[in-house]
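>>> let me see the structure of the following:
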Amino acid sequence: MRFRADRSLRVLSSRDDLVPVLGGSPLRLWRLTPAGGALIARLAAGADVAVGDGSPTGALVDRLLDVGALHPEPSSLPTRFGPRDVTVVIPVRDRAAALARLLGSLASFRDAGAGVVVVDDGSADGPAHRGVAEEHGAGHLRRDRPGGPAAARDAGIAVVTTPIVAVIDSDCEVPDGAGRWWEAPLRLLSDERTAAVAPRVRTPAGPRLLQRYEALRSPLDLGSEPARVSPGTRVSYVPAAALLLRTDAYRAVGGFDRDLHVGEDVDLVWRLAAAGHRVRYEPSVVVEHPARPGVLGWLRQRFVYGTSAAPLEARHPGQVAPARCSPWSAAGWSIAVLGPRRVGPLVGMGVLASSAAILPRRLEGVPALDAWRLAVHGHLGAGRQLARAVLRTWWPVGLVAAVPGSPLRRPARRALAIVAAVAVCDAAIEARRSGSNAGAAMVATIAALAVADDMAYGAGVWWGCLGSRSLRSLLPRFERSAHRL
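Sure, this is the predicted structure:
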């Protein structure tokens, strides 16, 4: 088998006979024998490695896979499933034209033997949707009353008899030239421990500002790097806009929660992970999803996404925290930003530096310079995360504190100014990573849309908290170590 190294995986220099290895999400440290360090180097280089059940090599590889330090190379896995083992379930409501485009893009998959079931979730024009399904050779189910995507998907999966089910939203499309896109996910599902595989969901770039923004920063697009999916990790969820599942694993955890009209995909993935299954994000396969046609609809969508935080927190306590960091990082940045103007930054930086100085003592065998780099990286990451949480979730508190006459107006305004600066920097970085030659005006536009995006989501979080009469989804989560070393 061959594997792809996660961007976090690093073999460090050693001060003794054991080799320190860092990797995974959250970041972990192992101290391996020289043979183990050499094996890690071979795995990271993409070499073929024999992985036998119960062997030391197999045990180490399994551990690295479970923590997200390694990812399987799909082309090296056996072919256990093919299109005939898959049924595609498509929930739809009042989207006959979009449904026709999706079914057209799935023609090669259907021709290869995959089944397709369209679930009409109470569309106003039921015959039109039935006609589109029949025209493309798909099965059709009709729900007289709309119940939301979770109920529609669950109704479709109830009639599935194949070992694999693929759920795809009706406004998605498999892009032209995708070829045999299904091979990589099905190969990953050949591992019995893997219950779900999600492709990358991208918004095609277009002339409209929202299209360009969504191409850079869609919440459905989880990036270009593979990942294991689990709460509290770099990729903590995957959307059900496109998702392949083992049918038996799906049914064993109870399927989609029909009481959730938003966030049902996050809930399902977290229940699969809690049951001991692996969930993988595979960005080599791309499904396209359009941007919302207008700004108001786009903001409403983000608001609705935010309302999922409270019910998800009730079902998965502690996993919806807007920020996760060590208490040292939180204390240092809070003092630096919110403390007295003259001494706050100095005291805050002192706290951060003191906690960084402690880390080399905890990382036995790791050179001090590497330990310092880890500490600095952790504090900077925590600072960015806290700034994002202020903009995304806690902004109503900041605005109230910043009003004239408030005793906290000066530190609150300082914090909001810093948060705005971080948003602009993030926009510039994202524009650069996209390869576009975005000028200052475009960067400013992306930053403004990012602020509106996050504030709409945060408003939804607060609305959901009011509805559930619980503020738990607003609380940060402090961990003993930001990297769990």
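>>> count of residues packed around residue 295?
12 (other C-beta atoms under 10 Å). (Each C-beta comes from the backbone N, C-alpha and C, glycine too.)
>>> quick check: buried residues in stretch 466-480?
By 16 or more other C-beta atoms under 10 Å, the buried positions in stretch 466-480 come out as 468, 473-474, 476, 478-479.
>>> so where's the stretch 351-485 of the chain shaky on pLDDT?
365, 433-438, 480-485 (pLDDT under 70).
>>> measure residue 293 to residue 241 for me?
17 Å (C-beta to C-beta, to the nearest Å).
>>> more neighbours: those two, which one.
Using other C-beta under 10 Å as the criterion, residue 293 and residue 241 rank with residue 241 on top: 19 against 11.
>>> which of the three states applies to the nearest residue to residue 371 once chain neighbours are set aside?
In space, and not counting its chain neighbours, residue 371 is closest to residue 360: 3.9 Å by C-beta to C-beta, 6 or more residues apart in numbering. Recorded secondary structure, residue 360: helix (DSSP: H, G, I helix; E, B strand; the rest coil).
>>> tell me the contacts of residue 360?
For residue 360, the contacting residues are 366, 368, 371-372, by C-beta atoms under 8 Å, 6 or more residues apart in numbering.
>>> just checking, what packs against the top helix by length along the chain?
In the chain, taking DSSP state H as the definition, the longest helix is helix 440-468. With contacts defined as 3 or more C-beta pairs under 8 Å, 6 or more residues apart in numbering; DSSP states H and E, the packing partners of helix 440-468 are helix 209-217, helix 295-306, helix 309-315, helix 368-392, helix 395-401, helix 409-433.
>>> and stretch 152-160, average pLDDT?
The average pLDDT within stretch 152-160 is 96.
>>> what are the buried residues along that stretch?
152-157, 160.
>>> and these, which is closest to residue 446?
Nearest to residue 446 among these: residue 153, at 33.0 Å, using C-beta to C-beta.
>>> who's in contact with the closest one?
Counting by C-beta under 8 Å, 6+ apart, residue 153 has contacts 89, 91, 119, 167, 240, 256.
>>> who's the fourth one bridged to?
Put plainly, it is residue 167. Legend: beta-bridge partners of residue 167 under DSSP bridges are residue 89, residue 243.
>>> so what's it up against?
Contacts of residue 167 (C-beta under 8 Å, 6+ apart): 88-91, 153, 156-157, 240, 242-243, 245.
>>> low pLDDT regions in the stretch 51-200 of the chain?
53.
>>> checking the spatially closest residue to residue 210 that is not a sequence neighbour next. Helix, strand or coil?
Residue nearest to residue 210 in three dimensions, not counting chain neighbours: residue 291, with 4.7 Å by C-beta to C-beta, 6+ apart. With three-state DSSP as the basis, residue 291 sits in coil.
>>> shouldn't residue 291 be in contact with residue 207?
No. Here residue 291 does not reach residue 207: they are 11.2 Å apart, not a contact under C-beta atoms under 8 Å.
>>> who has more neighbours, these two?
Legend: neighbour count by other C-beta under 10 Å for residue 291 and residue 207, higher for residue 291 (20 against 6).
>>> winner for burial among the helices and strands packed on helix 440-468?
helix 309-315 (a mean of 22; mean count of other C-beta atoms under 10 Å).
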